[in-house]
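>>> Curious how this folds, go ahead:
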Amino acid sequence: MNYLVREVSQNIINKLRDNKVVIILGARRVGKTVLVKEILSNIKEPVLSLNGEDINVHDRLANRSLENYKQVLGSYRFLYIDEAQKIPDIGAKLKLMVDGVEGLKIIITGSSALDINQGTGEPLTGRKYTFNLFPLSEREYNQKENNIDRLQKVRERLIFGNYPELLQLPDKSDKIDYLNELVSSYLLKDILAYENIKNAQKLFNLLRLVAFQIGGEVSLQELGSQLSISKNTVEKYLDLLSKVFILHKVGGFSKNLRKEITKNSRWYFVDNGIRNAVISNFNPIEARNDIGQLWENYLISERLKQQAYQKKISNNFFWRTYEKQEIDWVEEREGSLFGYEFKWKESKVKVPTQWKEAYPDASFEVVHQNNFLSW
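Presented below is the predicted three-dimensional model:
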């Protein structure tokens, strides 16, 4: 089986409605185009497919008039635009189409939340459904893996991550080449295209510094000092890295307990393979001294996928006090608090005293390699 049915697939199908726009966001190469083509292959109506990176498409849509768009669409009532963020004023153009062409369904994809949101945000208010697509999830691997083999596969994924094309690359050196190319040719180029950012080395060095600080608070001031750039520039770069789906930010939790730390945030990579490519370390976990960071990053990325795909509404944090009591992951949902500590090997971990005293009704659980699938 080469194609794994994506968790979000049915949710997208359910939102394919007349005069609505479905937006699918995700980093390059996470499988957006393959997902849409799989969905469209089961659609029993003709689909007009356009590519936002084709300058001819720009020309065809440049005349922002309903009459022009009716001519472009012809008899089609289903429109798909790949890399839609490349088309100038795409939001206003789509609004004109969905408001003026009865029964029109639209799917667009984009590899940057920055451009898509700027281009489609306000014009499509009340007319769009947005979905995030991530690299493959553990639940999606259930289609081809059993739990007996799962742990060995997870050990590999801690190193190489979950980009779909890696399934076709059984050789370790091919996987390394693929990830290195992905970082240099796709992800960083996407970022450097924004706001005239030309210093690729500074950006890459920032990623490396963050990669070594997984699980720890990141000081923007310290990063700026190390890179010889301003705190504001560091903040801008990190924001861009999150909007092109490379990094994810987690803030500190507090209910105004004076001993709790909330000033600095923690940053995690959306995919372990990208993190390891940035630090040029693809050694197996037996030869690593950062297994704790790899495990924590992996679990958080998997949890984010689960929350997004299953529509679990949760505020996510870490928790730490000045006395260095901490909890890796805190979820605030349904009026309750849930604390989780991540350990690669199963072990007994006591509930932090200050957490128990401050939040007596909160739960606490240790997530390790023997129970993470149920989590």
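>>> Now do the strands in the stretch 51-200 of the chain.
78-82, 105-110, 128-132 (DSSP state E, counting those that start in this stretch).
>>> how about those strands in JSON lines, adding mean neighbour count, mean pLDDT and distance to residue 29?
C-beta coordinates here come from the backbone N, C-alpha and C atoms, glycine included. As requested, those are exported to JSON lines (neighbours: other CB atoms under 10 Å; pLDDT from 0 to 100; distance: least, CB to CB, whole Å):
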{"stretch": "strand 78-82", "mean neighbour count": "22", "mean pLDDT": "96", "distance to residue 29": "13"}
{"stretch": "strand 105-110", "mean neighbour count": "25", "mean pLDDT": "94", "distance to residue 29": "12"}
{"stretch": "strand 128-132", "mean neighbour count": "19", "mean pLDDT": "92", "distance to residue 29": "15"}
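>>> Of the ones you listed, which is nearest residue 191?
strand 105-110 (14.5 Å; CB to CB).
>>> helices and strands around the closest one, which ones?
strand 20-25, helix 32-41, strand 78-82, helix 90-100, helix 113-120 (3 or more CB pairs under 8 Å, 6 or more residues apart in numbering; DSSP states H and E).
>>> Any chance of CSV for these, columns distance to residue 155?
Listed next are those as CSV, based on distance: least, CB to CB, whole Å:
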stretch, distance to residue 155
strand 20-25, 30
helix 32-41, 26
strand 78-82, 35
helix 90-100, 42
helix 113-120, 31
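>>> what's the closest of those to residue 58?
Evaluated over the helices and strands packed on strand 105-110, closeness to residue 58 peaks at helix 90-100, with 9.9 Å, by CB to CB.
>>> tell me the contacts of residue 313?
Shown in contact with residue 313 (CB atoms under 8 Å, 6 or more residues apart in numbering): 307, 333.
>>> Let me know the secondary structure of the most centrally placed residue in the chain.
For the chain, the residue nearest the mean C-alpha position is residue 245 (4.5 Å; CA atoms, centre = their mean). Three-state assignment for residue 245 (DSSP: H, G, I helix; E, B strand; the rest coil): coil.
>>> Quick check: phi and psi on it?
Here is the backbone geometry of residue 245 (degrees, to the nearest 10): phi 60, psi 40.
>>> Now stretch 129-145: buried residues?
129-138, 140-141 (16 or more other CB atoms under 10 Å).
>>> swap that for stretch 339-347, sorry
In stretch 339-347, counting by 16+ other CB under 10 Å, buried: 339-344.
>>> Contacts only, for the closest residue to residue 24 other than its chain neighbours.
Nearest residue to residue 24, sequence neighbours excluded (CB to CB, 6 or more residues apart in numbering): residue 109, at 4.7 Å. Neighbour list for residue 109: 23-26, 32-33, 36, 81-84 [criterion: CB under 8 Å, 6+ apart].
>>> Quick one, which of the helices and strands packed on strand 105-110 gets closest to residue 250.
That would be helix 113-120 among the helices and strands packed on strand 105-110, by CB to CB, at 17.2 Å.
>>> and residue 173, how many neighbours does it have?
9 (other CB atoms under 10 Å).
>>> Please give the element, helix or strand, for the nearest residue to residue 158 once chain neighbours are set aside.
With CB to CB, 6+ apart as the criterion, residue 158 has its nearest non-adjacent residue at 4.6 Å, and that residue is residue 294. Here residue 294 sits within helix 291-309, counting by DSSP states H and E.
>>> Now that helix: average pLDDT?
When pLDDT is averaged along helix 291-309, the result is 97.
>>> Please enumerate the strands of the stretch 251-375 of the chain.
In the stretch 251-375 of the chain, the segments counted as strands under DSSP E, counting those that start in this stretch are 266-269, 315-320, 326-333, 336-342, 363-367.
>>> hmm, back to that, residue contacts, the residue nearest to the residue nearest to the centre of the chain when sequence neighbours are not counted?
In space, and not counting its chain neighbours, residue 245 is closest to residue 27: 3.9 Å by CB to CB, 6+ apart. Residues counted as contacts of residue 27 (CB under 8 Å, 6+ apart) are 111, 135, 186-187, 244-246, 270-271.
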